[in-house]
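Enquirer: predicted model and sequence below, questions to follow.
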Amino acid sequence: MKCFVTGASGLIGANLVHELVGRGHRVKVLLRSGADERGLLGLKIERVAGDIFDRKLLERELEGHDWCFHVAGCYRLWMRDYAAMYRTNVEGTRVVLTAAGKAGCRKIIYTSTAGCIGPAKMAAGKFHPADETEIVTEAQLGNDYLRSKFQGEAVALELFRKLGLPIVIVNPTAVVGAGDYKPTPTGQFILNFLRGHLPAYLATGWNWVHVRDVAIGHILAAEKGESGQRYILGNRQGNWTMQETLRTLEQISGRPAPRFKVPFWLADRVAEVSELAAGFTKRPPRIPLASIRMARNRMWVDPSKAIRNLGLPQTSAEVALADAVQWFQANGHPKKTISV
């Protein structure tokens, strides 16, 4: 297949390109000027310079392609001005998906986030993971990143319903693994642990998934996904509390995990001070308020639909976290003997 990929320099995008090339597909990537291409080194691909807002460029370059993967997005938990995030995640999505439809792509894969799925709900004293049918409320979209991605999803579904575009939405969970050069906020959490910057933990939880499984999930969505449907790209056994995650990272890295659980009200105050200080230092806060708001909802999910209908692989969360730690250590971050 001839494949077009936006966001190819990011964690998911670069791993996706590697998987596509490894399967013998022809790949063209859209890269902004100055994009970090370290994750794409050595790959035989076609590069196009431009951005996701150039409609004419996209229509021209997408012509003749079978699959379009729109992975590009702004994934940050703190910005001085969020207007650029909304423009990228909402209007940029409209431009790319519309251009792919006009170019006649047979499948258009839009990368959303599991944060656009409703959180796990408490019933009979235990949390029940959410699936694609769970409706997320405005209050649960607790930061600008999630709100902008939710609006991007709405654009994708609108284009499917009104224009009949062959759009499939994938919702990755907490993605970790090799190639997180920026790093993503998820990777930054692991880095903060390795650097000893996590003195305490919160009563929250995530679903951990290996970036390689997510990349393969994108390809499976193009091969088998039903247009107009959403598929959670996660791990059935990856629903862990933050405390469980930190203990696993301790076993992997040899660094001690924090033992103190901080209440949310105190975390809010610390984050507010951190963001206030960022206004003076002009550097991102170590603890963004958005991350605390997101942590109030336990983001445990049920990826059974993607496993059943797509054949999504299930690399263990332990392996995903170990691969991430090993990669960060191999790329100049804090080193410690790995015991896994």
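Expert: Here it is on my side, so go on. Numbering: from 1, shown residues only.

Enquirer: does Leu40 touch Leu16 like I think?
Expert: No: with contact defined as C-beta atoms under 8 Å, Leu40 does not reach Leu16; the gap is 10.7 Å. Using the backbone N, CA and C atoms, a C-beta is placed for each residue, glycine as well.

Enquirer: looking at those two, which is more packed in?
Expert: Leu16 (29 against 22; other C-beta atoms under 10 Å).

Enquirer: what distance do you get for the closest residue to the more buried one other than its chain neighbours to Gly7?
Expert: Sequence neighbours aside, Ala215 is the residue nearest to Leu16 in space, at 4.3 Å (criterion: C-beta to C-beta, 6 or more residues apart in numbering). From Ala215 across to Gly7, the span is 12 Å (C-beta to C-beta, to the nearest Å).

Enquirer: re the thing from before, isn't the residue nearest to Leu16 up against His18?
Expert: Yes: if you go by C-beta under 8 Å, Ala215 and His18 touch, sitting 7.2 Å apart.

Enquirer: so for those two, which sits in the more crowded spot?
Expert: The residue with more neighbours, out of Ala215 and His18, is Ala215; 29 against 20, by other C-beta under 10 Å.

Enquirer: confirm that one sits in a helix?
Expert: Yes: when classified by DSSP: H, G, I helix; E, B strand; the rest coil, Ala215 is found to be part of a helix.

Enquirer: let me see the contact set for it.
Expert: 12, 15-16, 18-19 (C-beta atoms under 8 Å, 6 or more residues apart in numbering).

Enquirer: least confident secondary structure element in the protein?
Expert: Taking mean pLDDT, DSSP states H and E as the measure, the chain has strand 121-123 as its least confident helix or strand, at a mean of 80.

Enquirer: which SSE is immediately downstream of that strand?
Expert: Next helix or strand after strand 121-123 toward the C-terminus (DSSP states H and E): strand 126-128.

Enquirer: show residues contacting that next one.
Expert: By C-beta under 8 Å, 6+ apart, the residues outside strand 126-128 that reach it are 120-122, 205, 239, 298, 300.

Enquirer: what about it, average pLDDT?
Expert: For strand 126-128, the mean per-residue pLDDT is 88.

Enquirer: try stretch 293-300
Expert: For stretch 293-300, the per-residue pLDDT averages 85.

Enquirer: the host helix or strand of Gln326: how far from the chain's middle?
Expert: Using DSSP H and E, the element containing Gln326 is helix 317-330. Distance of helix 317-330 from the chain centroid (C-alpha atoms, centre = their mean, to the nearest Å) equals 17 Å.

Enquirer: ditto for stretch 79-93
Expert: Taking mean C-alpha positions (C-alpha atoms, centre = their mean), stretch 79-93 and its chain are 16 Å apart.

Enquirer: dump it to PDB, keeping only the CA atoms.
Expert: Extracted C-alpha coordinates of stretch 79-93, given in PDB (Å, rounded to 0.1, in the frame of the first residue of the first chain):
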ATOM      1  CA  MET A  79       1.200  26.000  27.300                       C
ATOM      2  CA  ARG A  80       1.200  29.800  27.800                       C
ATOM      3  CA  ASP A  81      -1.400  30.000  25.100                       C
ATOM      4  CA  TYR A  82      -3.600  27.100  24.100                       C
ATOM      5  CA  ALA A  83      -4.900  28.600  20.900                       C
ATOM      6  CA  ALA A  84      -2.200  26.800  18.900                       C
ATOM      7  CA  MET A  85      -3.200  23.500  20.400                       C
ATOM      8  CA  TYR A  86      -6.800  23.900  19.400                       C
ATOM      9  CA  ARG A  87      -5.800  25.000  15.900                       C
ATOM     10  CA  THR A  88      -3.600  21.900  15.500                       C
ATOM     11  CA  ASN A  89      -5.800  19.300  17.100                       C
ATOM     12  CA  VAL A  90      -9.100  20.600  15.700                       C
ATOM     13  CA  GLU A  91      -8.700  22.700  12.500                       C
ATOM     14  CA  GLY A  92      -5.500  20.800  11.500                       C
ATOM     15  CA  THR A  93      -7.500  17.500  11.700                       C
END
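
Enquirer: ok, and what's touching it?
Expert: Taking C-beta under 8 Å, 6+ apart as the rule, stretch 79-93 contacts 52-53, 70, 72-74, 76, 110, 144-145, 148-149, 151-152, 155-156.

Enquirer: what's the most distant pair in the residues you listed?
Expert: Within the contacts of stretch 79-93, Arg76 and Ala156 form the most distant pair, 20.8 Å apart (C-beta to C-beta).

Enquirer: which one of the two is surrounded by more residues?
Expert: Ala156 (24 against 18).

Enquirer: ramachandran coordinates for that one?
Expert: Dihedral pair for Ala156: phi -60, psi -40, per degrees, to the nearest 10.

Enquirer: just give the closest residue to it, not the sequence neighbours.
Expert: Closest to Ala156 by C-beta to C-beta, 6+ apart is Tyr110, at 4.6 Å.

Enquirer: give me the neighbour count for that neighbour.
Expert: By other C-beta under 10 Å, 28 other residues sit near Tyr110.

Enquirer: can you check Gly64 too?
Expert: The number of residues packed near Gly64 is 11, by other C-beta under 10 Å.

Enquirer: quick one, helices of this protein?
Expert: Taking DSSP state H as the criterion, the chain contains helices spanning 11-22, 55-62, 83-86, 92-102, 144-163, 185-194, 211-224, 242-253, 264-281, 289-295, 304-309, 317-330.
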